[in-house]
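*Asks:* please find the sequence and the predicted model below.
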Amino acid sequence: MNTELLEALEILEKEKDISKETLLEAIENSLLTACKNHFGKADNVKVNIDPKTCQFSVFAEKTVVEQVEDPVMEISLSNAKMMDSKYELGDIVNVEIKSKEFGRIATQNAKNVILQKIREEERKVLFNQYYGKEKDVVTGVVQRYLGRNVSINLGKVDAILNENEMVKGEVFKPTERIKVYILEVKDTTKGPRIAVSRTHPELVKRLFESEVTEVRDGTVEIKCIAREAGSRTKIAVWSNDPDVDPVGACVGMNGARVNAIVSELRGEKIDIINWSENPAILIENALSPAKVVAVLADPEDKKAKVVVPDYQLSLAIGKEGQNARLAARLTGFRIDIKSETQAKEIEGWLDVDEEYEEYEDFETYQEEQAALEAYEGEYSDMEYPQDMEYSDEYEDAYAEDSGYAEESYEEPREE
């Protein structure tokens, strides 16, 4: 048993995560290369390796001839008879090759073949390992600044955090541990090249998946995310279980879950809202914390008109328009926000009268108005005799017919 070779292969398998079969294949190729360098060709050379004991043998298949013209491919009958008396002309003889007889150049080339195969397999293993983590969040250690970019160590390989993928104002210190989102993994001759991000919206989603059990198991779904990295994020959540509150599950007890994510994002504010299939309700929730009086949404043109109380207009728009901008990204609608006073001044802006303020949204108002018009239309065509004069007899007859009689009521007089 070749104990030293077997131990070396086992160590490489553990450290580099390269299979023993791959390493044995590399050794076989290296021996064929050494034979080719030593003899000039190796078309008839065969290598046998026992994977359990790592014992190997190299032999050349030579044809028995009377007169040898090519000593690499042929063997004389007399020499074949010396090996075994049964050989005749035309037979194939396996002649053992001693690898120790190879020259220095052949040995060096064989060594390079093995090292090259190990490097290739190591790059392949690393690429497959991190390619499986693409579009996922990993923890890395800050190493150093490369100009305006940052080198992040992910364990067995380094990743590059480009300047445009960094949150504005963030400063990292060497050996600091941070979470990054893997954007892309490319296979290059120098190993896998990994691009990571701290600004991608999916970073927030993956952090919620790691922190919130209900999101991880699919009970609560994150329907959409709108993010301005380093400042504010809005996410819309939906629960597949009627007994689970999606917003409460994401916030956690006393805000523990969301606070852990805010801490990882270094103070970035996160608004969690309920998702709805109704665009008007979704837009109303998306403009939180501002209160909404009415919403008129057009799903076809993806436009919406929103009315808010006068004192809530600045809150609905947000600082530099941030709240309205994030709400538009979250819902996919182009949102036009007006205060109550502005909406009343613009004639026909919502195509409803001044009573819309009593309703939570425009659809509720529209439904009740339609029901009222149908009711009025049903009784508007009733005909009464034009020559009938009003009298007490008519009132008594009407009360008796309808089953209803008004009780007379007289206000008490002051003495």
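*Replies:* Now that the structure is in, tell me what you want to look at. Source: prediction; values computed, not measured. Numbering: from 1, shown residues only.
*Asks:* look at the residue most central in space within the chain and give its secondary structure.
*Replies:* Closest to where the C-alpha atoms of the chain average out (Cα atoms, centre = their mean) is Lys135, at 4.5 Å. Classification of Lys135 using DSSP: H, G, I helix; E, B strand; the rest coil returns coil.
*Asks:* how many neighbouring residues does Thr341 have?
*Replies:* Neighbour count of Thr341, defined by other Cβ atoms under 10 Å: 11. Where you see a C-beta, it was placed from the backbone N, CA and C, and this is true even at glycine.
*Asks:* distance of it from Pro289?
*Replies:* 21 Å (Cβ to Cβ, to the nearest Å).
*Asks:* just give me the longest helix of the chain.
*Replies:* If you go by DSSP state H, the chain has its longest helix at helix 104-131.
*Asks:* tell me the helices and strands packed up against it.
*Replies:* With contacts defined as 3 or more Cβ pairs under 8 Å, 6 or more residues apart in numbering; DSSP states H and E, the packing partners of helix 104-131 are helix 3-16, helix 20-39, strand 177-188, strand 191-197.
*Asks:* which helices and strands does the longest one pack with?
*Replies:* Under the contact definition 3+ Cβ pairs under 8 Å, 6+ apart, helix 20-39 sits against helix 3-16, strand 45-49, strand 56-65, helix 104-131.
*Asks:* which one of those lies closest to Pro71?
*Replies:* Shortest separation from Pro71 across the helices and strands packed on helix 20-39 is recorded for strand 56-65, at 8.5 Å, computed as Cβ to Cβ.
*Asks:* list the helices and strands that closest one packs on?
*Replies:* helix 20-39, strand 45-49, strand 74-76, helix 77-83, strand 92-96.
*Asks:* what sits up against that strand?
*Replies:* Outside of strand 56-65, the residues within contact range by Cβ atoms under 8 Å, 6 or more residues apart in numbering are 2, 27-28, 31, 35, 39, 44-50, 72-77, 80, 87-97, 99.
*Asks:* walk me through the domains of the chain.
*Replies:* 3-128, 136-199, 200-275, 278-409 (automatic domain parsing).
*Asks:* let me have those domains in a markdown table, extended by mean pLDDT.
*Replies:* Shown next, in a markdown table, are the domains of the chain (pLDDT from 0 to 100):
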| stretch | mean pLDDT |
| --- | --- |
| domain 3-128 | 77 |
| domain 136-199 | 91 |
| domain 200-275 | 93 |
| domain 278-409 | 70 |
